[in-house]
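**Q** Fold the following for me, if possible:
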Amino acid sequence: MKRGRLLVLDVDSTLILQEVIELLAARAGSLVEVAAITDQAMRGELDFAESLKKRVATLKGLPFTVFADVAAEVTLTPGAAELVATAQEAGWTVGLVSGGFEEVRSEERRVGKECRSRW
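**A** Numbering: from 1, shown residues only. A predicted model of the protein is given here:
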């Protein structure tokens, strides 16, 4: 039986250089607050769901159009497109996972061939 190969990449700060929630928070004026909440979660003081809820709450009032602005600012990590292309050319399945925002999902198109995504 032939074994399949799988490459799974997190989107924020792995496939792309940025954290999308931080880009949004910068526009909402809540970047410092979001960073503090993230730090609490990283220290185990908040679970992921609670952390996400608190961070998203700081974005209240942002217009929906901000997602297009943020998507335009997102930068692929150097070498990411080549990694994905090489893996796919070798027959690997590539998966992208994110706990982030579906509205800022341009990475799949930017890395080349079809990737399987889970948001």
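**Q** From here on, just use CA atoms for contacts and neighbour counts.
**A** Fine.
**Q** pLDDT weak spots in this structure?
**A** Across the chain, residues meeting the criterion (pLDDT under 70) sit at 1-2, 105-119.
**Q** in it, which spans are strands?
**A** 6-10, 93-97, 116-118 (DSSP state E).
**Q** Can you list the buried residues in the first one?
**A** Along strand 6-10, these residues count as buried under the neighbour rule (16 or more other CA atoms under 10 Å): Leu9, Asp10.
**Q** starting at the chain centroid, how far to it?
**A** Mean C-alpha position of strand 6-10 versus that of the full chain (CA atoms, centre = their mean, to the nearest Å) differs by 13 Å.
**Q** just the angle between it and strand 93-97, please?
**A** Relative orientation of strand 6-10 and strand 93-97, computed by axes from the mean of the first three to the mean of the last three CA atoms, to 10 degrees: 20 degrees.
**Q** Show me what strand 6-10 is in contact with.
**A** For strand 6-10, the external contacting residues (CA atoms under 8 Å, 6 or more residues apart in numbering) are Leu15, Ala87, Trp92, Thr93, Val94, Gly95, Leu96, Val97, Ser98.
**Q** Tell me the one of the residues you listed nearest Pro78?
**A** Comparing the contacts of strand 6-10 against Pro78 with CA to CA places Leu15 closest, at 8.8 Å.
**Q** Show the backbone phi and psi for Thr75.
**A** Recorded main-chain torsions at Thr75 are phi -120, psi 130, according to degrees, to the nearest 10.
**Q** Let me see the contact set for it.
**A** Thr75 makes contact with Ile16, Leu17, Gln18, according to CA under 8 Å, 6+ apart.
**Q** Now do it against Asp47, distance only.
**A** 28 Å (CA to CA, to the nearest Å).
**Q** Gly95 now?
**A** The spacing between Gly95 and Asp47, counted by CA to CA, is 24 Å.
**Q** Between those two, tell me which one has more neighbours.
**A** Legend: neighbour count by other CA atoms under 10 Å for Gly95 and Asp47, higher for Gly95 (18 against 12).
**Q** So what sits opposite the more buried one in the bridge?
**A** As for beta bridges, Gly95 partners with Val8, Arg116 under DSSP bridges.
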